[in-house]
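Asks: quick one, what's the 3D model for this:
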Amino acid sequence: MWQQILMGLLGLTAGFVIASGTVAFIITIGIVPRYAGITKTASQIRWYEDCCILGAVLGNLVYLWQGRLPVGTVGLALYGLFSGIYLGSWIIALGEVVDIFAILARRVGLTRGMSFVILCMAFGKALGSLLYFYLGWAH
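Replies: Below is the predicted model:
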């Protein structure tokens with residue numbers, strides 16, 4: 001029994017370390033300041049960092065719990081919407097930090113229509129996610 005408790009604590013601690021490393025990576029490469037600059041909320045940068053860490057810790061706990069929350073279809077739709085907005089905004093902020101779109105445009109010779117390319121990528125990601133879950137590939 002003590003061995004199982006020790007292994008559980010070790011696994012939880014390892015998860016916290018990995019999540020903290022991910023958060024430190026996100027903060028170190030400058031995504032948080034860039035995101036705060038995009039949203040014009042630079043005065044709240046400390047709050048962003050705290051939320052990153054809290055999200056990592058809560059994500060670990062929810063992953064380990066694997067229970068069901070009685071939120072229904074509406075709650076699931078709201079969760080999906082807010083998760084998509086969150087992930088999309090962080091991807092755009094990361095893309096701006098590493099200038100991936102500028103490098104891509106320069107390499108392929110794209111001079112006009114960059115906003116259309118970004119919208120198509122977002123639409124493709126959303127459509128791919130919907131197909132993934134609708135067709136049951138998640139199981």
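Asks: how about the helices in this structure?
Replies: Secondary structure of the chain (DSSP state H): helices located at 2-28, 31-38, 45-65, 72-98, 100-108, 114-134.
Asks: what are the buried residues along the shortest one?
Replies: The one in question is helix 31-38. Going by neighbour count (16 or more other CB atoms under 10 Å), the buried part of helix 31-38 is 31-36. The C-beta positions use only the backbone N, C-alpha and C, and glycine is treated the same way.
Asks: likewise for the first one?
Replies: With burial defined by 16+ other CB under 10 Å, the residues of helix 2-28 counted as buried are 15, 19, 23, 26-27.
Asks: roughly how far does the closest residue to residue 89 other than its chain neighbours sit from residue 114?
Replies: Leaving aside its sequence neighbours, residue 89 sits nearest to residue 35 (CB to CB, 6 or more residues apart in numbering; 7.0 Å). According to CB to CB, to the nearest Å, residue 35 and residue 114 sit 20 Å apart.
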